[in-house]
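J.: predicted model and sequence follow; I will ask about them next.
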Amino acid sequence: MTALNELTLAEARDGLKAKDFSAREIAQAHLDAIDRAKALNAYIVATPDRALKMAEVSDQKIAKGEARPLEGLPLGIKDLFATQGVHTTAGSKILEGFEPHYESNVSSQLWRDGAVMLGKLNLDEFAMGSSNETSAYGKTISPWRRQGSDAPLVPGGSSGGSAAAVAAHLCLGATATDTGGSIRQPAAFTGTVGIKPTYGRCSRWGIIAYASSLDQAGPIARTVQDCAILLGSMAGHDPRDTTSVDLPVPDFEAAISRGVKGLTIGIPKEYRVEGMPAEIQRLWDQGADWLREAGATIKEISLPHTQYALPAYYIVAPAEASSNLARYDGVRYGLRVPGKDIAGMYENTRAAGFGREVKRRIMIGTYVLSAGYYDAYYVRAQKIRTLIKRDFEAAYASGVDAILTPATPSAAFGIGEMASADPVEMYLNDVFTVTVNMAGLPGISVPAGLDAQGLPLGLQLIGRPFDEETLFAAAQTIENAAGRITLPKAWWA
Ligand code: GLN
């Protein structure tokens, strides 16, 4: 029999309903797996007492025939989501000791629907990064290794703890957030599925802000179906987030079996970037073939402003971050380092509390927003953002239903390999994902194969605004054709 923590979320749901096992048993199986996986450092904090208490409630509900949609399903929560009474850090020392008095909207909807919280997942500090190497709580190690090597690899970032935990069977699914790729890139690096929904689909209320006009929550899970199930609970209008959209939440799970017959899938020629490994190109071609064989029409399209997306993103995101992070002053949350007066206390707290990458972003952001440079950098970046959005609008207006691209320009890299003196090297990893946030569109990453070293590679599908259903349908088509990736054996346990 499959170990309880190795079931898919959908299988676990059915097994609980059929009373094949109890919510307590599946929670315990995960807690044991988490205990054995300390080497991966995927969880910043596990919450076993809370998990078992929630599981007990679930077992009672199931016994009474009152099971809710996610009854008894154990999940991990990225430590960017505020969880009431549970240490919430954003991977930063500056939030040390912070226990929110409130629950994020997204996580509260998961508990409303009966899910069980296993703990808080590691991430790059304030979700800034692509490798999980900037967390103040230590790096997360990927469960994956290159064939014949035991060099540790990154799980991607910033939702690296979420992706690693899902791939290592330390939860059935996890919450994540994506500002420039932080759901899709770690999903691609770990052979898992991750969807960043349309901006406004999930409430940002209670999620620690990085760049508010780009941030969006979404799930990471082991299958397309599991992502569809989770997004159904995470999404929905919330008046406390004025950018949350008042639209009904579709039945995402029903959409996975729609297929792609009659759809037009765009292949943007600008994503054929220089120096892209041949195996990524092959995977992309393979993905297009799979969709064609399933009845879609493949069409080459142009998104002419793609090359400006990355530089514009790295102006807009730090600008908003510098403003959002101004609130960490030692007065209201977490860490406080005394100084000779209040300004000294601010300075000491921020100097000690923020890591290098966060400080770099605050400095860049402050610079591009400063009086002398605002027009030269920030305003121009916003104009480019509009042009990028128009590129997508034109493609969709020409009859394209979704766009297929690689998720990342490479497979996972080694710990330390990109942490060179030049941070831009790491930023380049976001080349295929940031455009989607700049345009506010939904994007899904789905595992599609392995590279020559046996590491997973993902394909990305980009959709029309609020058309996550088409993405689920197309991603399911790819998952069916590619076959599910065999996740690594537990060398860490
Ligand atoms: N890697 C990108 C950054 O560092 C994206 C991060 C994210 O999506 N949160 O900004």
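T.: Looks like it arrived, so ask away.
J.: longest single helix anywhere in the protein?
T.: Scanning the chain for the helix with the most residues, using DSSP state H, yields helix 380-397.
J.: close to the ligand: what parts of the protein are there?
T.: Contact residues (Cβ under 6 Å from any ligand atom) of the chain with the ligand: 127-130, 158, 178-182, 210, 317, 430. For the C-beta atoms, the positions are set from N, CA and C on the backbone; glycine is no exception.
J.: checking residue 59 next. Helix, strand or coil?
T.: Put simply, residue 59 is helix when judged by DSSP: H, G, I helix; E, B strand; the rest coil.
J.: following element in sequence after the longest helix of the chain, please.
T.: strand 402-406 (DSSP states H and E).
J.: report the buried residues of the helix or strand that that following strand is followed by.
T.: Moving toward the C-terminus from strand 402-406, the next helix or strand (DSSP H and E) is helix 423-427. For helix 423-427, the neighbour count (16 or more other Cβ atoms under 10 Å) marks 423, 426, 427 as buried.
J.: ok, the second one touching residue 416?
T.: No: the pair residue 426 / residue 416 is not scored as a contact, 11.6 Å apart, by Cβ atoms under 8 Å.
J.: by pLDDT, rank the residues of the chain next to the ligand and give me the bottom one.
T.: Lowest in pLDDT among these is residue 430, which has 92.
J.: how many neighbours does that one have?
T.: Look at residue 430: counted by other Cβ atoms under 10 Å, it has 24 neighbours.
J.: same question for residue 158.
T.: Counted with other Cβ under 10 Å, residues neighbouring residue 158 total 35.
J.: what sits against it?
T.: By Cβ atoms under 8 Å, 6 or more residues apart in numbering, the contact list for residue 158 reads 91, 123, 124, 127, 128, 129, 130, 132, 177, 179, 182, 186.
J.: between which two of these is the distance greatest?
T.: Pairwise distances across the contacts of residue 158 peak at 14.7 Å for 132 and 179 (criterion: Cβ to Cβ).
J.: now residue 210, what are its backbone angles?
T.: Main-chain dihedrals, residue 210, degrees, to the nearest 10: phi -110, psi -80.
J.: ok, residue 45 next?
T.: Main-chain torsions, residue 45, degrees, to the nearest 10: phi -150, psi 130.
J.: which residue ranges of the stretch 151-300 of the chain form strands?
T.: In the stretch 151-300 of the chain, the segments counted as strands under DSSP state E, counting those that start in this stretch are 173-178, 193-196, 216-221, 264-268, 297-301.
J.: quick one: closest of those to residue 461.
T.: Among those, strand 264-268 sits nearest to residue 461 (Cβ to Cβ), with 8.0 Å.
J.: sorry, back to before: name the member of the contacts of residue 158 with the most neighbours.
T.: Greatest neighbour count in the contacts of residue 158, by other Cβ under 10 Å, goes to residue 186: 40 neighbours.
J.: would you mind finding the most buried of the strands of the stretch 151-300 of the chain?
T.: Comparing the strands of the stretch 151-300 of the chain by mean neighbour count (mean count of other Cβ atoms under 10 Å), strand 193-196 ranks first with a mean of 33.
J.: tell me the strands beside that one, with direction?
T.: strand 216-221 (antiparallel), strand 443-450 (antiparallel) (DSSP bridges).
J.: let me have the ones you listed in a markdown table, adding distance to residue 490 as columns.
T.: Converted to a markdown table, those look like this (distance: least, Cβ to Cβ, whole Å):
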| stretch | distance to residue 490 |
| --- | --- |
| strand 216-221 | 19 |
| strand 443-450 | 19 |
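J.: compile those strands into CSV and extend it with columns for mean pLDDT.
T.: As requested, the strands paired with strand 193-196 are exported to CSV (pLDDT from 0 to 100):
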stretch, mean pLDDT
strand 216-221, 98
strand 443-450, 98
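J.: find me the pLDDT at the nearest residue to residue 101 once chain neighbours are set aside, would you?
T.: Closest residue to residue 101 apart from its sequence neighbours, by Cβ to Cβ, 6 or more residues apart in numbering: residue 84 at 6.5 Å. As predicted, residue 84 sits at a pLDDT of 98.
J.: over to the one 3 residues further on?
T.: The predicted local confidence for residue 87 comes out at a pLDDT of 94.
J.: for the closest residue to it other than its chain neighbours, give its distance to residue 154.
T.: In space, and not counting its chain neighbours, residue 87 is closest to residue 45: 5.2 Å by Cβ to Cβ, 6+ apart. Note on residue 45: its distance to residue 154, by Cβ to Cβ, to the nearest Å, is 21 Å.
J.: cool, and residue 290?
T.: Residue 290 sits at a distance of 28 Å from residue 154 (criterion: Cβ to Cβ).
J.: these two: which is more packed in?
T.: For residue 290 versus residue 154, neighbours defined as other Cβ under 10 Å are more numerous around residue 154 (31 against 21).
J.: residue contacts, the more buried one?
T.: By Cβ under 8 Å, 6+ apart, the contact set of residue 154 is 130-133, 139-140, 142, 160, 189, 412-415, 418.
J.: likewise for residue 138?
T.: Going by Cβ under 8 Å, 6+ apart, residue 138 touches 41, 122.
J.: ok, back up a step: quick one: buried residues of the longest helix of the chain?
T.: In helix 380-397, counting by 16+ other Cβ under 10 Å, buried: 380, 381, 384, 385, 388, 389, 391, 392, 395, 396.
J.: with pLDDT added, can I get these in TSV?
T.: Shown next, in TSV, are the buried residues of helix 380-397 (pLDDT from 0 to 100):
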residue	pLDDT
380	97
381	98
384	98
385	98
388	98
389	98
391	98
392	98
395	98
396	98
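J.: and which of these is nearest to the ligand?
T.: Distance to the ligand, by Cβ to the nearest ligand atom, is smallest for residue 381 among the buried residues of helix 380-397, at 13.8 Å.
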